[in-house]
Every structure is written in structure tokens, then in C-alpha cells.
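S.K.: Following is a predicted model, sequence given first.
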Amino acid sequence: MKYLDEYRDPVLARRLLDELDQAATRPWRIMEVCGGQTHTLVRQGIDELLPAGMRMIHGPGCPVCVTPLETLDRAMAIAARPGVIFTSFGDMLRVPGTDTDLLSLRARGADVRVVYAPMDAVRLAAAHPDREVVFLAVGFETTAPANAMAVLHAARLGLTNFSLLVSHVLVPPAMTALLDDPECEVQAFLAAGHVCAVMGWREYEPIAAHYRVPIVVTGFEPLDLLEGILMAVRQLESGRFEVENQYVRAVRRSGNTTAQDAVREVFQVTDRAWRGIGALPDSGLELADAYAAFDAARRFEVGGLCPVEDADCIAGPILTGARLPTDCAAYGTRCTPRHPLGAPMVSSEGTCAAFHAAGRTAASADVAVRSTP
């Protein structure tokens with residue numbers, strides 16, 4: 001663990017905070033896109049240690065949280081069918097649908113299994129030719145290459161009982177949708193390092209130039225985030241709006257071209273609904289026509305779905321950074337990690353889960369706000 005410790009050094013963290021104090025002359029608003037970054041910021045209390053007036057806005061970069069309710073309801077309808085082995089990463093099992101979740105469905109007898117990679121689902125399909133094996137393929141560009149490779153491998157094996165229920169989303173369209181909102185307060189972005197490890201950062205350059213916002217590709221450890229914030233503030237203070245890379249140990253401008261080639265072969269860009277946010281044009285991936293045989297949404301006719309969000313859940317404004325979890329009347333009362341009303345409370349990258357785990361309350365949030373000029 002000594003290498004991780006290098007990125008959690010409290011002495012270096014204090015130095016970076018001192019540099020931020022010296023660099024910032026205005027109350028800048030910076031959004032971290034990734035939910036993993038949100039959890040580090042909140043768990044370490046970094047967002048409360050920034051210079052007076054500076055605020056981190058927590059963005060929609062939680063793939064579990066933005067998976068549309070209709071997809072979850074469809075997943076449960078498929079999983080409940082006889083002869084189906086429904087597979088997923090573990091963080092999707094407790095995300096609430098309209099009436100239930102996958103974990104409860106498994107308790108009632110459905111064959112729902114946690115896998116650690118989509119290739120595990122392919123192996124299940126090969127081992128159980130008499131069963132339909134479905135993998136719930138969600139996530140940003142980070143997880144798309146592994147899902148693409150699973151489809152390519154299944155095709156090479158000639159498997160006819162393997163399919164994906166796809167709900168991939170893309171980061172750049174979400175950023176532009178936020179910036180197009182006239183009420184948007186975001187003045188700079190910390191881009192997700194793992195997404196950029198796959199895609200690089202060239203697609204962010206037109207966004208930075210058009211909207212005149214700095215974008216800093218940033219890692220996930222405390223020192224990564226502090227340095228990324230400092231880089232963004234220095235751009236803001238000097239009137240620059242460029243894409244910079246803090247995460248140099250993992251990200252190149254061109255990204256991983258082999259992974260990109262696999263994604264382009266298997267998937268195509270499509271409009272996508274984001275839970276709590278709504279439909280965004282060209283913001284998702286779906287299986288290309290050449291691989292339609294592996295599309296669970298086409299293979300299983302699941303009709304009559306009427307998705308209904310809980311009226312007390314304000315996941316949408318939380319995901320866009322317009323509200324904090326502590327603004328929600330159900331936070332910590334009707335909505336807890338054991339009994340979530342919405343995905344942001346149950347996901348390992350959800351903002352509500354981060355606040356709850358850190359013991360943030362409405363009272364503590366009010367103190368933080370009132371102490372900020």
C-alpha cells in the first residue's frame with residue numbers, strides 16, 4: 001500500500017491547500033464529474049477545507065445513479081423469467097426500481113448472480129447452453145470496452161444464449177447539457193481519470209474552447225483532487241480555458257485506441273434517458289445492428305412497464321449539482337442506504353451515499369454554507 005500512501009500524504013495535502021489559498025481570489029465553482037471523486041472529497045472532508053467561498057459541485061458521474069428507471073424495471077422483468085440467469089455487478093442489485101430491486105427478486109427465487117466482469121457472464125452462457133444468460137451493461141466509457149470484448153468473444157464462440165441489457169452513457173454530452181442550462185454555476189470541471197484513460201481528452205477540447213471553461217483530467221486520491229482543483233483555479237485566475245492532465249500516470253491525450261476500436265465496432269451512439277435528468281441526445285451507446293442478436297432489449301419482449309419515481313426523491317437536482325443531499329426531506333429518514341428511495345443513496349459512487357457515510361447532516365451543511373461568504 002505504500003504507493004497509495006504517497007497520494008494520501010497529509011503534509012503534501014496541507015501544502016496544496018496553502019497554495020490554493022494563495023491562488024484563489026474569487027469564490028470559484030468547480031464540478032467534479034465522477035462519483036468516485038465525490039466520495040473521496042466528502043470522505044476526506046476536502047470540500048470543507050477549500051478556501052472561503054470556493055465550492056465543489058457534485059456532478060452526474062455515477063453510472064448506477066443515472067441508469068434509467070425503465071432499464072431497471074426491464075432488468076427485473078427479464079430476471080424474473082424462468083430459464084434466465086441474470087448477471088450484474090454487485091452495486092446494481094439494491095438500486096430501487098418502481099416496485100422492487102434485483103436483490104429482493106433474487107430472494108424470491110430469481111437466478112440473479114453477481115459477476116466481477118462481463119466475461120464471467122460469457123463463461124456462464126457457455127456452461128449453461130440451456131439457459132439464457134443476460135448481463136446488465138451499465139456505465140460510462142470506462143466499462144464499455146470490457147462489455148464490447150464480451151460480445152466479440154461470445155460471437156467467436158457462437159453463443160446464442162448470451163445477451164446484454166445495455167444502458168451505457170457518455171460524459172461529454174452530459175457536460176454540454178449542464179453548460180447549456182442558463183442556471184448552470186459550473187466554472188470549471190474535473191474530468192474523470194478512468195474515462196479519459198480509455199477515451200483520452202481530445203473530445204473535451206472543443207467543450208473547453210466553446211464554453212470557455214477549464215477542464216482538468218484528474219485522478220481519485222486526495223492529492224490528485226487537490227492538485228486538480230489547484231490547476232483548475234490557476235486557469236480560472238489567469239483567464240485560460242484549456243484541457244490539462246493531472247492524471248499523467250494513467251492518461252494520455254489519445255487514450256486507449258485498442259479499447260476505442262472495440263467499442264466502435266460493437267456499439268453505436270444513441271439518444272439516452274438519464275435517471276432523474278431526462279433524455280439527452282447522442283449521450284449513450286447501444287449495440288450496433290451487426291450485433292443485434294446480443295441485445296437483450298430486442299430478444300426479450302418486455303411490455304407494459306410504467307416506471308414511477310418516488311415523489312420524495314430529488315435525485316435529478318442532486319445529480320446535476322443543483323441541490324445537495326441534505327436539501328432532501330427524505331435524506332437520512334425515509335431514505336437510507338438500507339432503504340434507499342433513489343440510486344444516489346445506495347450506489348458506491350452516489351452523492352447521497354457519500355454524504356450519509358460521512359455523517360453529513362442538514363445542520364452541518366447549513367454551518368458550512370453560513371461560514372462561506
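M.R.: Structure received. Numbering: from 1, shown residues only.
S.K.: Distance of Val302 relative to Ala75?
M.R.: To Ala75, Val302 is 9 Å away according to C-beta to C-beta, to the nearest Å. Glycine gets a C-beta too; all of them are placed from N, C-alpha and C.
S.K.: more crowded one of these two?
M.R.: Shown here are Val302 and Ala75; by other C-beta atoms under 10 Å, Ala75 has more neighbours (27 against 18).
S.K.: For that one, which residues are in contact?
M.R.: 86, 88, 92, 97, 102, 136, 165 (C-beta atoms under 8 Å, 6 or more residues apart in numbering).
S.K.: let's see 7 Å
M.R.: Ala75 makes contact with 86, 102, 136, 165 under the criterion C-beta atoms under 7 Å, 6 or more residues apart in numbering.
S.K.: since we're on the first one, how many residues are nearby?
M.R.: Phe86 is flanked by 25 other residues according to other C-beta under 10 Å.
S.K.: Can you give me the distance of it to Leu103?
M.R.: Distance from Phe86 to Leu103, by C-beta to C-beta: 12 Å.
S.K.: do Gly109 as well
M.R.: 13 Å.
S.K.: out of these two, which sits in the busier spot?
M.R.: Neighbour tally, Gly109 and Leu103, criterion other C-beta under 10 Å: the higher count belongs to Leu103, 15 against 9.
S.K.: Could you check how far the more buried one is from Val114?
M.R.: 10 Å.
S.K.: what do you get for Asp312?
M.R.: Counting by C-beta to C-beta, the separation of Asp312 from Val114 is 29 Å.
S.K.: counting residues per helix, which one in this structure is longest?
M.R.: If each helix of the chain is counted by residues according to DSSP state H, the longest one is helix 222-238.
S.K.: follow-up on the earlier one: now for Leu103 and Val114: what residues contact both?
M.R.: Leu93.
S.K.: Is it correct that Pro307 is in contact with Leu69?
M.R.: Yes: when contacts are counted by C-beta atoms under 7 Å, Pro307 is listed as touching Leu69 (4.0 Å).
S.K.: Who has more neighbours out of the two?
M.R.: Legend: neighbour count by other C-beta under 10 Å for Pro307 and Leu69, higher for Leu69 (22 against 16).
S.K.: so what's that one up against?
M.R.: 97-98, 275, 307, 309.
S.K.: pLDDT at the residue of the chain positioned farthest from its centre, what is it?
M.R.: Within the chain, the residue lying farthest from the chain centre (C-alpha atoms, centre = their mean) is Asp130, at 34.5 Å. On the pLDDT scale, Asp130 is placed at 97.
S.K.: next one: Asp366
M.R.: pLDDT, Asp366: 47.
S.K.: Kindly report the same for the one 3 residues further on.
M.R.: On pLDDT, Val369 comes in at 42.
S.K.: again, but for Arg55
M.R.: Value listed for Arg55 in the pLDDT field: 96.
S.K.: same question, Gly139
M.R.: pLDDT, read off for Gly139, is 94.
S.K.: quick one, phi/psi of it?
M.R.: phi 130, psi 170 (degrees, to the nearest 10).
S.K.: can you pull the pLDDT of the closest residue to Arg74 other than its chain neighbours?
M.R.: Using C-beta to C-beta, 6 or more residues apart in numbering and skipping the chain neighbours, the partner closest in space to Arg74 is Val302 (5.0 Å). For Val302, the pLDDT comes out at 82.
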